[in-house]
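Undergrad: only geometry, no sequence info:
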């Protein structure tokens, strides 16, 4: 006789025990075989109450004309259904900015609501468990990857944004795009920034050598006094601060000239004689020249400010060769001199003059960052114990080739991206050419030179755009799902680090740690709780006849 099985409460004491759907699918698969055992024997062999087995077999028995239902009652169908639901949560709820209701809508449109409950109350616990599992994956994987990681020096880009009363601090390693810090804190002062950055790298063989950010006081003080590393000002913010007081005064003459030209053309349309038309054309010519001059000044300022970004590199953008800090400063000041000339010719006022003056000190900081970069790069290369000729090949070819290889994808247009990529390939080809200084190294020495040089190429951080982009994505989640909880924020961080892949197929964690990690989705699928069952359809009650007054 089959032993009695009572329905015991779960360990949490909240919900009664439920048999997993996989057990029911195995029972369906067993009894689909013509030579199956009896229900009593199957229940005895698997320690399942016989009444439970009978209930499974009676419930939702698919007809022969419904192969879909029959498939999802089988073990392969149950596993496939779990994969679809898990993929929907990962794609829509974690990577996308969709709420849980849209996942239910997807299940309804795909008619999977026949097999999975779609209400918010049914899907919310599943989403919460998925986020907890994502955090658990990082807790297991990060220490394991850190043990296999080679010691390295990194730059860090930091910024903060607001989803509520507390700021969200975000810090990213720019080369790999690995998120080191993404958390809510009550303050964004230097002590808080220093603490969260140090805690993020405490269990890893990583040394922070540079902090890149805007000129927020907390981040400046964090770099100088907390981390005791140089601070690299963000390029975009400096360009914006220079252009902001210039663009509006430069736009006014253009707008005024366009209005004057439009009025002159309207007046010329009403003229009748040839003499009057000629006189009108002569009146229009000075306006046209004034409009062209105003537009030329506007474009010249924009081009010179863009030129600051084009020339702020430790390597020449045309030849790819190394450029000293003094030469970089000279090039950047030349752009500012041209902007100063336009400001004086157009008489843009004191605010424009102050912006140019302020930017000159900012340019001096940029040049100091280039000098720091060359000092650090030479220290790293000298540790390789190469000959003078080999070091020259590293500085002149290999290092610039790897640098422009990383910069090329972020060029302004497709033509420039292609040119820089070809330049990078040519420089690296020269570095490793047969008969060259580096060709005589052993394979192990070549790998070490390549690794150290690659690390040096990524230490020059001009912009915190990676953090700005991350802040924008977090804002999408905030607008689409409401204020982000600490649990949700942690889950989004893990998805970014371990799930999002670049075209080369690598995740941020693989690029940062330098090794492969376990597949996140497979790990989650193994630990995914049982899918919520849809509610059984209840028979509709017959309508009660209305009583009519006699």
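TA: Here it is on my side, so go on. On a predicted model such as this, the values are computed, not experimentally measured, just so you know.

Undergrad: low-confidence ranges in the stretch 1-150 of the chain?
TA: Flagging of the stretch 1-150 of the chain using pLDDT under 70 yields the residue ranges 1-17, 30-34, 56, 58-65.

Undergrad: Tell me who's in contact with the residue most central in space within the chain.
TA: Of all residues in the chain, the one closest to the mean position by Cα atoms, centre = their mean is residue 470, 5.0 Å from it. Taking Cβ atoms under 8 Å, 6 or more residues apart in numbering as the contact definition, residue 470 lies against 170, 172, 179, 182, 496. C-beta: built from backbone N, CA, C; applies to glycine.

Undergrad: contact partners of the one helix or strand the fourth one maps to?
TA: For residue 182, the host element (DSSP states H and E) is strand 178-184. Contacts with strand 178-184, where a contact means Cβ under 8 Å, 6+ apart, come from 156, 158, 163-164, 166-173, 196-197, 200-201, 470, 486, 489-490, 492-493, 496-497, 508-509, 511-512.

Undergrad: thought residue 145 was touching residue 508?
TA: No - if you go by Cβ atoms under 8 Å, residue 145 and residue 508 don't touch, sitting 11.6 Å apart.

Undergrad: could you point out the longest strand in this protein?
TA: The strand that spans the most residues within the chain, counting by DSSP state E, is strand 152-162.

Undergrad: average pLDDT for that strand?
TA: For strand 152-162, the mean per-residue pLDDT is 92.

Undergrad: So which other helices or strands are in contact with that strand?
TA: The helices and strands touching strand 152-162, judged by 3 or more Cβ pairs under 8 Å, 6 or more residues apart in numbering; DSSP states H and E, are strand 167-173, helix 190-200, strand 206-213, helix 465-481.

Undergrad: and with 7 Å instead?
TA: For strand 152-162, the packing partners by 3 or more Cβ pairs under 7 Å, 6 or more residues apart in numbering; DSSP states H and E come out as strand 167-173, strand 206-213, helix 465-481.

Undergrad: Now distance to residue 116 and mean pLDDT too, for those, in JSON lines please.
TA: Formatted as JSON lines, the helices and strands packed on strand 152-162 follow (distance: least, Cβ to Cβ, whole Å; pLDDT from 0 to 100):
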{"stretch": "strand 167-173", "distance to residue 116": "33", "mean pLDDT": "94"}
{"stretch": "strand 206-213", "distance to residue 116": "43", "mean pLDDT": "94"}
{"stretch": "helix 465-481", "distance to residue 116": "21", "mean pLDDT": "85"}
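
Undergrad: Determine which of those approaches residue 46 most closely.
TA: Smallest distance to residue 46 across the helices and strands packed on strand 152-162 (Cβ to Cβ): 41.3 Å, for helix 465-481.

Undergrad: I'd like the next helix or strand past the closest one.
TA: Elements were assigned by DSSP H and E; along the chain past helix 465-481, the next helix or strand is helix 486-498.

Undergrad: Quick check: buried residues in that following helix?
TA: Using 16 or more other Cβ atoms under 10 Å as the test for burial, helix 486-498 gives 488-498.

Undergrad: and which of the residues you listed is nearest residue 379?
TA: Checking the buried residues of helix 486-498 against residue 379 by Cβ to Cβ gives residue 497 as the nearest, at 29.5 Å.

Undergrad: ok, now which ones touch the closest one?
TA: The neighbours of residue 497, taking Cβ atoms under 7 Å, 6 or more residues apart in numbering as the test, are 178-179, 507-509.

Undergrad: Which single one of the residues you listed is nearest to residue 21?
TA: Residue 21 lies nearest to residue 507 out of those, by Cβ to Cβ, at 31.1 Å.

Undergrad: and the nearest residue to residue 311 once chain neighbours are set aside, how many residues sit next to it?
TA: For residue 311, the nearest residue in space outside its immediate sequence neighbours is residue 331; the separation is 4.3 Å by Cβ to Cβ, 6 or more residues apart in numbering. For residue 331, the number of neighbouring residues by other Cβ atoms under 10 Å comes to 19.

Undergrad: Make sure residue 91 is indeed in a helix.
TA: Yes - counting by DSSP: H, G, I helix; E, B strand; the rest coil, residue 91 is part of a helix.

Undergrad: Offset the numbering so it begins at 13, please.
TA: Right, with 13 as the first residue, what we last looked at is residue 103.
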